[in-house]
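> Test case, fold it:
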Amino acid sequence: MSEPRVSEVVRQNSEYWEQLAPHRHGEPVEFFLGGGSALTNDELAAVGNLRGRRVLQLACSVGDEALTFAQLGADVTAVDIAPSHLATGRAKAEALGLEVTFVLQDMMTLDPEITGFDVIYISWGGLCWVPTLTEWTRSVAGRLNPGGVLVISEHHPLWEILTVRGDNALSVSGDYFGVARDGYADPLKAPEITRTLGTPDVPHRSFVWSISSIVTAVLTAGLTVRSLQEFPVQEMYPGLGEQAMSIPATYLLTASAAQGVV
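Numbering: from 1, shown residues only. Below is the predicted model:
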């Protein structure tokens with residue numbers, strides 16, 4: 001059987017997410033009114049001072065991070081392939097009195113005018129929907145201003161392929177080097193909302209990108225890797241206990257575009 005075209009994968013994934021999106025609400029408005037941040041301290045350090053800077057969030061979901069960027073004074077554009085995600089984000093932005101431009105776009109084929117950003121950010125559960133990594137990093141690099149920064153804050157690919165089988169017991173349920181996957185051998189790797197709603201009966205495909213493939217794609221796009229951090233998160237390996245603190249669950253990569261010629 002031949003592999004589906006990238007456009008067909010995106011179409012199927014868009015339908016899949018649109019079935020889940022009306023049930024995903026993110027943080028309530030009160031969270032942001034109370035000073036809550038959808039960004040971790042490490043992410044805030046990676047993006048730096050945002051006041052007056054242009055930020056693009058890719059695969060924004062309901063836009064919680066985009067709202068935090070806007071609260072920090074950034075000029076924010078946020079894109080997603082699910083209309084219901086964007087509707088939720090717009091409603092929250094309006095309730096908070098924030099200006100965020102939410103755009104229905106596939107992050108693989110962004111409109112030419114979506115460019116000129118100081119920060120491009122993608123967060124947990126976003127990169128796994130990128131079907132062609134090098135094409136994506138080249139597109140992203142071309143939309144950064146000189147000196148602009150790409151920030152990838154993601155589930156670690158090791159977490160994506162490891163499954164807890166009991167106390168201090170792990171098994172390999174995926175292929176670290178396999179890239180494409182249809183469905184999830186471990187249901188805990190599927191979008192969290194599916195644990196309540198079940199998985200939509202729609203073909204969909206996600207991808208496990210190894211750390212080496214991500215770094216290589218970023219470098220191939222002409223960006224300079226500034227930092228790569230890996231973090232343990234105990235609750236992401238439920239049942240493993242303290243041993244979960246000995247293996248990575250997430251990572252944070254920052255890479256910068258070349259400065260302009262003076």
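
> Quick one: the helices in the stretch 51-200 of the chain, in order.
64-71, 83-96, 133-141, 157-161, 194-197 (DSSP state H, counting those that start in this stretch).

> Of these, flag the one that's most buried.
With neighbours defined by mean count of other Cβ atoms under 10 Å, none of those is more surrounded on average than helix 64-71, at a mean of 25. C-beta: built from backbone N, CA, C; applies to glycine.

> quick check: angle from that one to helix 83-96?
Going by axes from the mean of the first three to the mean of the last three Cα atoms, to 10 degrees, helix 64-71 is angled at 30 degrees with respect to helix 83-96.

> And helix 64-71, how far out from the chain middle?
Per Cα atoms, centre = their mean, to the nearest Å, the displacement of helix 64-71 from the mean C-alpha position of its chain is 14 Å.

> what mean pLDDT does that helix have?
Along helix 64-71, the predicted confidence averages to a pLDDT of 97.

> In PDB, list the C-alpha atoms belonging to it.
Output of helix 64-71 as PDB, limited to C-alpha atoms (Å, rounded to 0.1, in the frame of the first residue of the first chain):
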ATOM      1  CA  ASP A  64      -3.400  29.400  26.100                       C
ATOM      2  CA  GLU A  65       0.200  30.100  25.400                       C
ATOM      3  CA  ALA A  66      -0.700  32.700  22.800                       C
ATOM      4  CA  LEU A  67      -2.800  34.500  25.500                       C
ATOM      5  CA  THR A  68       0.200  34.400  27.900                       C
ATOM      6  CA  PHE A  69       2.400  35.900  25.100                       C
ATOM      7  CA  ALA A  70      -0.200  38.700  24.600                       C
ATOM      8  CA  GLN A  71      -0.400  39.400  28.300                       C
END
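
> thinking again about what came up before, of the helices of the stretch 51-200 of the chain, which approaches Glu8 most closely?
helix 133-141 (15.7 Å; Cβ to Cβ).

> Which strands or helices does the closest one pack on?
The elements that helix 133-141 packs onto, with contact taken as 3 or more Cβ pairs under 8 Å, 6 or more residues apart in numbering; DSSP states H and E, are strand 144-155, helix 211-220.

> now the stretch 1-150 of the chain, which segments are flagged as low pLDDT?
Confidence mapping of the stretch 1-150 of the chain against pLDDT under 70 gives the ranges 1-6, 17.

> these two touch, right, Tyr184 and Glu192?
No - the pair formed by Tyr184 and Glu192 falls short of the contact definition of Cβ atoms under 8 Å, at 11.9 Å.

> Settle it for me: which of these two has more neighbours?
Under the neighbour definition other Cβ atoms under 10 Å, Tyr184 and Glu192 were set side by side, and Tyr184 has more, 16 against 10.

> Counting neighbours, what do you get for the closest residue in space to the more buried one that isn't next to it in sequence?
Ranked by Cβ to Cβ, 6 or more residues apart in numbering and with sequence neighbours excluded, the top spatial neighbour of Tyr184 is Ala190, at 4.4 Å. Here the neighbour count serves as a burial measure; for Ala190 (other Cβ under 10 Å) it reads 17.

> and if you look at the one 10 residues further on?
If you count neighbours by other Cβ under 10 Å, Pro200 ends up with 15.

> Hmm, it is touching Gln12, no?
No - no contact is recorded between Pro200 and Gln12 when judged using Cβ under 8 Å, the distance being 10.4 Å.

> got a list of what Met203 touches?
Careful, residue 203 is Pro; it's not Met. If you count contacts by Cβ atoms under 8 Å, 6 or more residues apart in numbering, Pro203 has them with 12, 16, 182.
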